[in-house]
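Engineer: how would this look folded up:
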Amino acid sequence: MLEEIGAVFDSAVERGALFVFNQHFLPQKCLDESYWISDLRSVKDISTNHTTTTCIAAFLEKGEIKMKSVPCSERLGFVCSLPEICHADVCASTCLADENSTQCMSSAPSSIEEDCIPECKQTDCANEGGDKFGFRGKKELLSMCDKSLHISKETFRFGGANLYCCVKHMQLLNIASLETKSCLSKQLNLSASEQFWTSGRAEICNKTYAWCGSGEKEEIDFDILGWKKPESSAGRGCIVANFEKTGSFTEIKAKYEDCQTKNKYRVICERDPPSKCTNTRCPMLRCEEEKHQTKGIDVTRLSNVKVWKSKGKEIRADVNKLSYYIFQKYGCAANFPILSLESKNKMDFVIKLIRSEPSKLPFGKYFLSAVSIGCPSVIRWCNWKDNPLLENDSYLSWDKGEPSADPSKECVAVDYSDKPPYFTLFKIECNAAGISVLAESSENCTTTSCSYLKGL
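Structural biologist: Numbers count the residues shown, from 1 in each chain. So this is what the prediction gives:
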């Protein structure tokens, strides 16, 4: 695997992998572990007339490239055939390179001029596992230098660093001004010298670098930052922030690194602080693996799933204790979104339906669909249709001190009890332990028509 975060076979196809048809075209630098190729292998059991299909991976053994059958659900890297570059997240949509180069350029050569600016692409992490998303407490978010920051404990290669920030709904660190550089050197309390990936890179151009954390281009001013600009970005296309600590003083220097390097560094992710944020968004996660896992299973027959039906509407409760994101992925697979309470009429209907069989649903805490990702003061129902803001909440009963302004508590749950108002809302971390979920049948929602799934 090129990164800690790989791709199942179907996901690699979705992400634009251009599989080579002859395994001998695979660059040997890609084969320190296993990588997908385009072949499939089917074996038919004559006695049962059952056909089993497996996928094929390439690997290097004693200097020779060999093939092996592996389950298609394995998470491996994959290869773009033009040019021959290994990937674990996304292939370039259009690649142009001369025959002696392995640099991928996603625009025509005519745009490669001295004043060009790198193309900054948003990282797509919708296929990542639901357990990777979100935070586990307030201490994981720092507020400093006019930013909300999160620092990883683990180290990553560059592709994994981008995915790590993406699953936190953040982006890699920008150090776009002298004020930011000075502030970080003073306030980031490091016990020793450390190196961190930043969003700075020269993805297309040979002479220009830009900060790409927000997905927008911002050319780096090396003179203001006091950094020496490299004469060429060849082999030095990404910028690592080198926090050199001497006594109580920390100096931030730039280290120019090959974006394809196997070197691993920690990650600083950033986003706007609560005082500056203006909106929140619903997470859009794909669910191909969950569809595969639940194929042919009638979940309504499982002991952990409770079902109520009335007037063409179905309400379900899954009393398993999982994260919001895992519940959302399985809801996507079943076309059954997490419950939204967009109106008093709907809330009254749900409570009446559940109370009609009071012994069926255990009292306790259940996730609702609402989130405040990236902006604690703005809450949005994620109903897969219009994802409305939770604005007029006078019909909702919030617990004392709620809704919380803690930026790590990005999800909304309900405490279900046997006394009116029955549902009491509160905010919680999206991957908090000990929370079940309420879900509802989607209305006129298919994998092609649901606004939630459009563009995925």
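
Engineer: quick check: mean pLDDT of the helix or strand encompassing Lys352?
Structural biologist: Assessed by DSSP states H and E, Lys352 sits inside helix 344-355. Taken as a whole, helix 344-355 has a mean pLDDT of 96.

Engineer: what residues of it count as buried?
Structural biologist: Met347, Phe349, Val350, Ile351, Leu353, Ile354 (16 or more other C-beta atoms under 10 Å). All C-beta atoms are positioned from the backbone trio N, CA, C, and that covers glycine.

Engineer: closest one of these to Asn335?
Structural biologist: The closest of these to Asn335 turns out to be Val350 (C-beta to C-beta; 18.7 Å).

Engineer: roughly how far apart are that closest one and Ser441?
Structural biologist: 12 Å (C-beta to C-beta, to the nearest Å).

Engineer: now do the shared contacts for the two.
Structural biologist: Ile315 (C-beta atoms under 8 Å, 6 or more residues apart in numbering).

Engineer: and the gap between Asn162 and Cys120?
Structural biologist: The value you get for Asn162 to Cys120, if C-beta to C-beta is used, is 11 Å.

Engineer: try Trp197
Structural biologist: Trp197 is 15 Å from Cys120, where distance means C-beta to C-beta.

Engineer: out of those two, which sits in the more crowded spot?
Structural biologist: Trp197 (31 against 19; other C-beta atoms under 10 Å).

Engineer: need the per-residue pLDDT for the more buried one.
Structural biologist: 97.

Engineer: that's a strand at it, yeah?
Structural biologist: Yes - under DSSP: H, G, I helix; E, B strand; the rest coil, Trp197 falls within a strand.

Engineer: dig out what it forms beta bridges with.
Structural biologist: Beta-bridge partners for Trp197, by DSSP bridges, are Val240, Val267.

Engineer: and it, what does it touch?
Structural biologist: By C-beta under 8 Å, 6+ apart, the neighbours of Trp197 are Phe156, Phe158, Ala161, Leu172, Leu173, Cys238, Val240, Ala241, Tyr265, Arg266, Val267, Ile268.

Engineer: just the buried subset of those residues, please.
Structural biologist: Among the contacts of Trp197, those classed as buried by 16+ other C-beta under 10 Å are Phe156, Phe158, Ala161, Leu172, Leu173, Cys238, Val240, Ala241, Tyr265, Arg266, Val267, Ile268.

Engineer: may I see those residues organised as CSV, with pLDDT and distance to Phe327 added?
Structural biologist: Below are the buried ones among the contacts of Trp197 laid out as CSV (pLDDT from 0 to 100; distance: C-beta to C-beta, whole Å):
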residue, pLDDT, distance to Phe327
Phe156, 95, 27
Phe158, 92, 31
Ala161, 94, 27
Leu172, 95, 28
Leu173, 96, 31
Cys238, 91, 36
Val240, 96, 37
Ala241, 96, 36
Tyr265, 97, 33
Arg266, 96, 30
Val267, 96, 26
Ile268, 97, 29
